[in-house]
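1. I'd like to go over a predicted model; first the sequence, then the structure.
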Amino acid sequence: MQFLPEEIYKYTVEHTQEEPEVLKDLDRDTHLNVLMPRMISGHLMGRVLAMLSKMVRPKFILEVGTYTGYSAICFAEGLQEDGHIFTIDKNEEIEEMAERHIERAGLNDKITRIQGIASDIIPTLEKKWDMVFLDADKKNYDLYYDQVFENVNKGGFILVDNVLWSGKVVGMHGKKIDADTRAIMDFNKRVHKDERVENVLFPIRDGLMVLRKK
Ligand SMILES: C[S@@+](CC[C@H](N)C(=O)[O-])C[C@H]1O[C@@H](n2cnc3c(N)ncnc32)[C@H](O)[C@@H]1O
């Protein structure tokens with residue numbers, strides 16, 4: 001989902017840095033061979049994530065929701081030289097594709113993929129995060145936020161995708177509030193009020209919440 005009028009979106013993409021070739025191929029491969037390709041970050045969001053990573057220059061990044069590896073490869077562009085990304089996904093079927101493209105991007109030694117249920121894995125990781133990207137099941141955003149918070153460095157960032165949820169958070173597409181929409185609405189409200197962080201909700205693509213730990 002993206003909220004910009006088509007013409008503005010097209011103009012925005014035309015005036016944004018092109019995707020590196022490896023990401024173009026990964027996007028194509030995902031659309032041809034994987035279920036629900038709309039889950040991929042894609043060109044504009046990918047460039048936003050890469051730019052944010054370059055601005056922050058993180059050492060350790062945690063990503064929850066690898067999918068085919070697109071966003072992890074984007075984040076790697078801004079890593080410190082000795083930095084590392086840990087990325088979690090429960091879906092075994094897409095592992096091979098993520099592995100192949102991460103290898104092609106020359107990032108095998110920079111990105112560790114962990115297959116499993118995120119809430120089981122997160123507490124086992126003992127790193128201090130400069131950046132966390134939550135992009136998995138929406139009903140657990142709240143839990144992941146709690147699980148990672150202590151280990152986010154002061155001044156570190158938590159990015160959370162799909163927080164506008166196709167506009168359902170404001171009742172677009174009908175008034176019925178399903179479980180995922182409710183979870184996202186509650187999450188947005190909670191983090192907006194959380195005095196331990198500063199936040200901006202960017203209306204990019206399906207909504208990106210950016211939180212900075214004070
Ligand atoms: C929206 S996709 C991630 C997209 C990816 N970050 C990108 O930008 O291309 C969400 C992913 O979260 C994974 N996922 C969903 N629930 C999960 C859970 N409980 N534990 C681990 N991964 C989960 C799904 O298998 C899916 O691949």
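-> Yes, it's here.

2. spell out which parts of this structure neighbour the ligand.
-> 39-41, 65, 67, 70-71, 88-91, 117-118, 135-137 (C-beta under 6 Å from any ligand atom). No exception for glycine: its C-beta is placed from N, CA and C like everyone else's.

3. highest neighbour count among these?
-> When neighbours are taken as other C-beta atoms under 10 Å, the top entry among the residues of the chain next to the ligand is Ser71 (28 neighbours).

4. just the residues of the chain next to the ligand: which are in strands?
-> Within these, membership in strands is found for 88-89, as judged by DSSP state E.

5. nearest to Glu126 among the residues of the chain next to the ligand?
-> Ile88 (14.5 Å; C-beta to C-beta).

6. so what's the closest one bridging to?
-> Residues in a beta bridge with Ile88, per DSSP bridges, are Val64, Ile114.

7. next one: it from Ala183, what distance?
-> Distance, Ile88 to Ala183, using C-beta to C-beta, to the nearest Å: 19 Å.

8. excluding chain neighbours, what is closest to Met185?
-> Leaving out its chain neighbours, the residue that sits closest to Met185 by C-beta to C-beta, 6 or more residues apart in numbering is Val169, at 5.2 Å.

9. wait, what's in contact with the one you found?
-> 163, 181, 184-185, 188, 207 (C-beta atoms under 8 Å, 6 or more residues apart in numbering).

10. per-residue pLDDT, the residue of the chain positioned farthest from its centre?
-> Within the chain, the residue lying farthest from the chain centre (C-alpha atoms, centre = their mean) is Lys175, at 27.3 Å. We have a pLDDT of 75 for Lys175.

11. same check, this time on the one 4 residues further on
-> On pLDDT, Ala179 comes in at 94.

12. surely it meets Lys139?
-> Yes: using C-beta atoms under 8 Å, Ala179 is in contact with Lys139, at 6.1 Å.

13. check for me that the residue farthest from the centre of the chain belongs to a strand.
-> No: counting by DSSP: H, G, I helix; E, B strand; the rest coil, Lys175 is located in no strand; its state is coil.

14. what does the closest residue to Leu159 other than its chain neighbours show for phi and psi?
-> Of all residues not flanking Leu159 in the chain, Phe133 sits nearest, at 4.8 Å (C-beta to C-beta, 6+ apart). The phi and psi values for Phe133, taken as degrees, to the nearest 10, are phi -120, psi 110.

15. can you map out the helices along the protein?
-> For the chain, helices defined by DSSP state H occupy the ranges 6-14, 21-33, 42-56, 70-76, 95-104, 118-121, 141-149, 179-193.

16. quick one: list the elements packing against the first one.
-> The one in question is helix 6-14. Applying 3 or more C-beta pairs under 8 Å, 6 or more residues apart in numbering; DSSP states H and E, one finds that helix 6-14 contacts helix 42-56.

17. what does the second one give?
-> Counting by 3+ C-beta pairs under 8 Å, 6+ apart, the packing neighbours recorded for helix 21-33 are helix 42-56, helix 70-76, helix 95-104.

18. average pLDDT across the second one?
-> What that stands for is helix 70-76. For helix 70-76, the per-residue pLDDT averages 98.

19. partner strands of the biggest strand by length in the chain and their direction?
-> For the chain, the strand that runs over the most residues, judged by DSSP E, is strand 152-161. Strand 152-161 has the following sheet partners, assigned by DSSP bridges: strand 129-134 (parallel), strand 208-213 (antiparallel).
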